[in-house]
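S.K.: Compute the structure for the input listed below.
(one chain, ligands or ions: 1)
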Amino acid sequence: MPELPEVETTCRGIAPLVEGRTVTAVIVRDARMRRPVPDSLAEELPSQRIDQVQRRGKYLLLQAQTGVLLIHLGMSGSLRVVPRDLPPRKHDHVDIVFGDSALRYHDPRRFGVVDWFVGPAEEHSLIAPLGIEPLSADFSGTWLHRASRGRRTPIKLFLMDAHTLVGVGNIYASESLFRAGIRPTTPAGRLALARCDSLAQAVKATLLDAIAAGGSTLRDFVGSDGAPGYFQHEAFVYGRAGSPCRHCGTPIRQRTQGQRSTFWCPACQT
Ligand SMILES: [Zn+2]
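M.R.: Purely as a prediction, here's the structure:
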């Protein structure tokens, strides 16, 4: 599933290919997504210029002149820029056409969102409730400490709550907690300021490392073949149950937290 680094990589990959370009057509082959692709997209977006491509949480926001095209990759979505005449594959549901090229949305499981919204993006019902951006200057140990006081929620679930902090999914929450030496089950409200500082730094470092690793896949956003631009980084704990910890050799443990698998090193994380 695309997480924040993959969406950021997608954002950086497509921005130079679509910013400043004018949409000449919108082709919707299948409107049945998590929410239906609205008819207004194909009616209103053509002839408009895309001024800016940005990311908010795991949403891509393509700012046009009278509104914003909002895209979420869901569980299995991907975006690539292809020649407009390239025959669509199965699951290529939407094309945003720019003259001789097209931004093509592919999503086998159709949990994604392609929406058109007239108004400021931050007023969209899916964007308005989003929490703080982990890579913003506002997100810090001080912020985390203040936000978590009185909360008994395990710190891993606290990090993954998009109303609190956006875009820190299961992999990155597990990896950040390992880097900060914090056990995922620790009640959020019990973390002292120094540990909140370590954790905020670990969240940023983990995401930035993944984005840097994704930089090498940017070429995948152009052209007709190749895998979507997702990438695997070398995990410390995620998906490594029973394998030796990369720091101390202790077998990595796994348990279920909030219906998701959590991985940790019982020696390094206290
Ligand atoms: Zn360890």
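S.K.: now do the same end-to-end measure for stretch 35-47.
M.R.: With CA to CA, to the nearest Å as the measure, stretch 35-47 spans 25 Å from end to end.
S.K.: hmm, who's touching it?
M.R.: Contact with stretch 35-47 is made by 22-28, 31, 64, 66-67, 69, 93-94, 96, 113-116, 118, as judged by CB atoms under 8 Å, 6 or more residues apart in numbering. For glycine as for every other residue, the C-beta is placed from the backbone atoms N, C-alpha and C.
S.K.: Also stretch 196-216?
M.R.: Contacts for stretch 196-216 (CB under 8 Å, 6+ apart): 3-6, 8-9, 12, 134-135, 139-145, 148, 155, 159, 165, 167-168, 172, 175-177, 179-182, 191, 229, 231, 233.
S.K.: the domain parsing of the protein - what is it?
M.R.: 4-123, 141-264 (automatic domain parsing).
S.K.: The ion is nearest to which of the ones you listed?
M.R.: Minimum separation from the ion across these (CB to the ion) falls at domain 141-264, 3.0 Å.
S.K.: Give me the distance from the closest one to the chain's centre.
M.R.: 13 Å (CA atoms, centre = their mean, to the nearest Å).
S.K.: Return the distance of Gly112 relative to Leu126.
M.R.: Distance, Gly112 to Leu126, by CB to CB, to the nearest Å: 12 Å.
S.K.: For the stretch 101-250 of the chain, what lies in contact range of the ion?
M.R.: The stretch 101-250 of the chain comes close to the ion at residues Cys245, His247, Cys248, Thr250, as judged by CB under 5 Å from the ion.
S.K.: Please list only the buried members of the contacts of stretch 196-216.
M.R.: 3-6, 8-9, 12, 134-135, 139-141, 143-145, 148, 155, 159, 165, 167-168, 172, 175-177, 179-182, 191, 229, 231, 233 (16 or more other CB atoms under 10 Å).
S.K.: What about the nearest residue to Phe139 once chain neighbours are set aside, how many residues nearby?
M.R.: In space, and not counting its chain neighbours, Phe139 is closest to Ile132: 5.2 Å by CB to CB, 6 or more residues apart in numbering. Look at Ile132: counted by other CB atoms under 10 Å, it has 17 neighbours.
S.K.: And for Thr256?
M.R.: Thr256: 8 surrounding residues under other CB under 10 Å.
S.K.: Show the low-confidence segments of the stretch 151-270 of the chain, by residue range.
M.R.: For the stretch 151-270 of the chain, the stretches with pLDDT under 70 are 215-233.
S.K.: now the strands: where do they sit in it?
M.R.: Secondary structure of the stretch 151-270 of the chain (DSSP state E, counting those that start in this stretch): strands located at 253-257, 260-264.
S.K.: Using neighbour counts, pick out the buried residues of the first one.
M.R.: When you say that, I think you mean strand 253-257. Neighbour count says strand 253-257 has Arg253, Gln254, Gln257 buried, by 16+ other CB under 10 Å.
S.K.: and what of the last one?
M.R.: Along strand 260-264, these residues count as buried under the neighbour rule (16+ other CB under 10 Å): Thr262, Phe263, Trp264.
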